[in-house]
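Asker: quick one: sequence plus predicted model below, questions after.
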Amino acid sequence: MRYGWHENPVAWQSAAQAIRDLVWSKYPLLAGYKTLIPPAPGIYLMTLKAANILDTASILELLQAPMYIGKSKNLAARFTQHMSGLTGTKEFIRNFPQVMFWFAKVNDPEMSRIEAELITVFGPPVNRVQPVLLRGRILSPVPAQM
């Protein structure tokens, strides 16, 4: 898995196109917010700010980056799993208690593609698997030659 932001502007343009019409919401990954997350399919990002771990003022307080990107057929259930530490993000959640959970409702057929686009450009450090973006086109059939 490649970690860190992608250097190719074409990849960023593709990701921007993929999320252009999505409506994003965000809540802290805390129990008090779980009733605000819909039981709908969608894409989610978990982000943090350095200010959550620093006790001094600095430019780092302004920075925010996705640490994990995922998809779920039920965002509410996935929020609860992450919040409870029942996922592969357990250490991340334990070490950074003020994680933000961003989500956008997405129809099931599009989730994998959008998740892959976002993971490709952000290379989040907690994701373990690099999704494969398959692109192609169907051409007219060509008769076999004997």
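Answerer: It's in.

Asker: buried residues, the helix or strand of the chain with the lowest mean pLDDT. List them.
Answerer: Sorting the helices and strands of the chain by mean pLDDT, DSSP states H and E puts helix 90-95 at the bottom, at a mean of 76. Neighbour-count burial for helix 90-95, counted by 16 or more other Cβ atoms under 10 Å, picks out 92-93. (Each C-beta comes from the backbone N, C-alpha and C, glycine too.)

Asker: next SSE after that helix?
Answerer: strand 100-105 (DSSP states H and E).

Asker: what comes up buried for that following strand?
Answerer: So, applying 16+ other Cβ under 10 Å, buried residues of strand 100-105: 100-104.

Asker: same deal with stretch 30-40?
Answerer: 34, 37.

Asker: mean confidence for it?
Answerer: Average pLDDT, stretch 30-40: 95.

Asker: got the CA positions of the one helix or strand residue 78 maps to in PDB?
Answerer: Remark: residue 78 resides in helix 75-83, with elements defined by DSSP H and E. Provided in PDB are the C-alpha atoms of helix 75-83 (Å, rounded to 0.1, in the frame of the first residue of the first chain):
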ATOM      1  CA  LEU A  75     -23.000   4.000   8.100                       C
ATOM      2  CA  ALA A  76     -24.600   4.100  11.600                       C
ATOM      3  CA  ALA A  77     -23.500   0.500  12.300                       C
ATOM      4  CA  ARG A  78     -19.900   1.200  11.000                       C
ATOM      5  CA  PHE A  79     -19.700   4.400  13.200                       C
ATOM      6  CA  THR A  80     -20.600   2.300  16.200                       C
ATOM      7  CA  GLN A  81     -18.100  -0.400  15.300                       C
ATOM      8  CA  HIS A  82     -15.300   2.200  15.000                       C
ATOM      9  CA  MET A  83     -16.300   4.100  18.100                       C
END
